[in-house]
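Predicted model follows, preceded by the sequence.
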Amino acid sequence: MGLPWPERRRRWWLLWAGCPGLGIRRLEGLEQRFGSLEEAWKVPAADLAAVQGLGAGLRAAVEAYRQRHGADPVAAGKPAPAAMCRVLLPGDPANPRAFTALERPPLAIYWQGQGALWPVLRRREAVAVVGTRNPSLHGLAMAEAVGAALAAAGWPVVSGLADGIDAAAHRGCLAQDGKPVAVLGTPLRRAYPRHHGPLQQFVAARGLLITEQPPGASVQRGHFAARNRLQVALAKAVVVIECPFKSGALHSAALAWEQGLPLWVVPADAAKVSAQGSNRLLLQGATPLLQPGDLVHQLGPGPLLQAQSSAERATGLPSCRVGALTFVQRNLLAALGSGASLEHLCQSLGEPPAHLSSLLLDLELAGLISAEPGLYWRPAHGSFA
């Protein structure tokens, strides 16, 4: 095909990831046993028994999957090149490090939105806000206020885009021109609940949608619980606004404690069933959150404000001019530093070369950067003397 080996491996990994019943450990087992996933595709079905965890039923499913896709699907253009531009796989430079440390790392992360957010998420420089789908009016108001305060301070707001607390936190973030990050339990093109379709589109336009569910996957209850581990893995701190005893938010809180993350909880009416779980977290040692400003004071300026400052230092532009740039442009300038190649920028930002090339050209035409031989760019410091 003429593809470099890393890209060829990515295509084979994503192809195998679509086979029902195969998790990351089994894929790694296939790769180790046969040398590559490409070679594993070619072996007789009987040879698959040598891989731990591939019982007779799963081997039959693998064989049916291989027959459906043909002898050399990658040579036939599968997966489609366009699909590879918006998916992160284990081993990709932009893949969040905390994902690989999970007990069950995601096989693939499908995403839509502003890829320039990936470096921030890879460093866990975001705040997760979680809670019940059926909150009180006080809970809704606090979730929106917390989302707005975090956004104003430059912190991406991670949540699940569910009804109630999740949606309110994202709305507050959007109201302050912040960067919401929604971890979905559905494929990207499926809004759940359905009436969140417009909100999901706003999040995709201004922030990031991510999911481990491939296109066409069915909606299953377990997928919504599984996303909790991804939300926490992206976060520097977790805020529980309001939740009952049986709630996915309590699972997120437990994961935060296991990983040593700060856990903040908004106190609520002790008589409300919707807050019994979150109030119990306070008895267990979580930090009470009385005002959104207290959280911001403890966290300090977020990475999005820091990116603006880095872009100002890199270009020599006054803050008023840096503020006029888009978030993606500021993050690109911050990643550029004193100079960087296109390959380095693609790895740092998790963006495909074609998209970054267009952004670099815009910045060059604006006089902010200068191109050098070898697909290398530097800030045009002299333009602002």
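Thanks, I have it. Residues are numbered from 1 along each chain as shown.

Tell me where the stretch 201-350 of the chain has strands.
Taking DSSP state E, counting those that start in this stretch as the criterion, the stretch 201-350 of the chain carries its strands at 208-211, 237-240, 263-265, 287-288, 340-341.

got a list of contacts for the fourth one?
For strand 287-288, the surrounding residues in contact (Cβ atoms under 8 Å, 6 or more residues apart in numbering) are 262-267, 282. (C-beta placed from N, C-alpha, C; glycine too.)

what do you get if the cut-off is 10 Å, keeping everything else the same?
Applying Cβ atoms under 10 Å, 6 or more residues apart in numbering, the contact partners of strand 287-288 are 237, 239, 262-267, 281-282, 294-295, 298.

Next, report how far it is displaced from the centre of its chain.
27 Å (Cα atoms, centre = their mean, to the nearest Å).

Can you list the strands that it pairs with?
Applying DSSP bridges, strand 287-288 is found paired with strand 263-265 (parallel).

Also the last one?
Each strand that strand 340-341 pairs with, and the sense of that pairing, follows from DSSP bridges: strand 376-379 (antiparallel).

TSV for the contacts of strand 287-288, including distance to residue 177, neighbour count and pLDDT?
Below are the contacts of strand 287-288 laid out as TSV (distance: Cβ to Cβ, whole Å; neighbours: other Cβ atoms under 10 Å; pLDDT from 0 to 100):
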residue	distance to residue 177	neighbour count	pLDDT
237	21	20	97
239	20	33	98
262	25	17	97
263	27	22	98
264	23	25	98
265	27	27	98
266	24	28	97
267	29	16	96
281	31	22	97
282	32	18	96
294	22	14	94
295	19	23	95
298	23	12	94
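
quick one: the strands in the stretch 51-200 of the chain?
Under DSSP E, counting those that start in this stretch, the stretch 51-200 of the chain gives strands at 87-88, 109-113, 127-130, 157-159, 180-183.

Would you format the ones you listed as TSV with distance to residue 101 included?
TSV is the format used below for the strands of the stretch 51-200 of the chain (distance: least, Cβ to Cβ, whole Å):
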stretch	distance to residue 101
strand 87-88	15
strand 109-113	15
strand 127-130	16
strand 157-159	17
strand 180-183	17
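
report the longest helix in this protein, please.
Of all the segments of type helix in the chain, defined by DSSP state H, the longest one is helix 137-152.

ok, now which ones touch residue 208?
Applying Cβ under 10 Å, 6+ apart to residue 208 gives the contacts 111-118, 120-121, 126, 156, 158, 179-183, 234.

before we move on, back to that, I'd like the strands of the stretch 201-350 of the chain as CSV, with distance to residue 66 appended.
Shown next, in CSV, are the strands of the stretch 201-350 of the chain (distance: least, Cβ to Cβ, whole Å):
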stretch, distance to residue 66
strand 208-211, 26
strand 237-240, 42
strand 263-265, 46
strand 287-288, 52
strand 340-341, 38
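
Residue 20 is nearest to which of these?
Closest to residue 20 of these, according to Cβ to Cβ: strand 208-211, at 17.0 Å.

on that earlier part again, redo the strands of the stretch 51-200 of the chain as JSON lines? Include mean neighbour count.
As requested, the strands of the stretch 51-200 of the chain are exported to JSON lines (neighbours: other Cβ atoms under 10 Å):
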{"stretch": "strand 87-88", "mean neighbour count": "20"}
{"stretch": "strand 109-113", "mean neighbour count": "22"}
{"stretch": "strand 127-130", "mean neighbour count": "32"}
{"stretch": "strand 157-159", "mean neighbour count": "31"}
{"stretch": "strand 180-183", "mean neighbour count": "28"}
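
Indicate which one of the ones you listed is closest to residue 304.
strand 157-159 (10.8 Å).

Without its sequence neighbours, what residue ends up closest to residue 244?
Closest residue in space to residue 244, ignoring its immediate chain neighbours: residue 277 at 5.0 Å, by Cβ to Cβ, 6 or more residues apart in numbering.

Does the one you found touch residue 254 like I think?
No - contact criterion Cβ atoms under 10 Å: residue 277 and residue 254 do not qualify, at 11.1 Å.

elements contacting the longest helix of the chain?
Packing partners of helix 137-152 (3 or more Cβ pairs under 10 Å, 6 or more residues apart in numbering; DSSP states H and E): strand 127-130, strand 157-159, helix 165-175, strand 180-183, strand 237-240, helix 292-299.

can you pull out the helices in the stretch 201-350 of the chain?
221-233, 248-258, 276-283, 292-299, 303-315, 319-323, 327-336, 342-349 (DSSP state H, counting those that start in this stretch).

Could you single out the most deeply buried of those?
helix 327-336 (a mean of 23; mean count of other Cβ atoms under 10 Å).

ok now that helix, how far from the chain's centre?
18 Å.

I'd like to know which elements that helix is packed against.
Using 3+ Cβ pairs under 10 Å, 6+ apart: helix 327-336 touches helix 118-122, helix 303-315, helix 319-323, helix 342-349, helix 353-365, strand 369-372, strand 376-379.

Show me what counts as buried in the last one.
What it means is strand 376-379. 377, 379 (16 or more other Cβ atoms under 10 Å).

Relative to residue 360, how far out is the residue lying closest to residue 364 once chain neighbours are set aside?
Spatially, and ignoring its direct neighbours in sequence, residue 364 is nearest to residue 371 (5.8 Å; Cβ to Cβ, 6+ apart). Separation of residue 371 from residue 360 (Cβ to Cβ, to the nearest Å): 8 Å.
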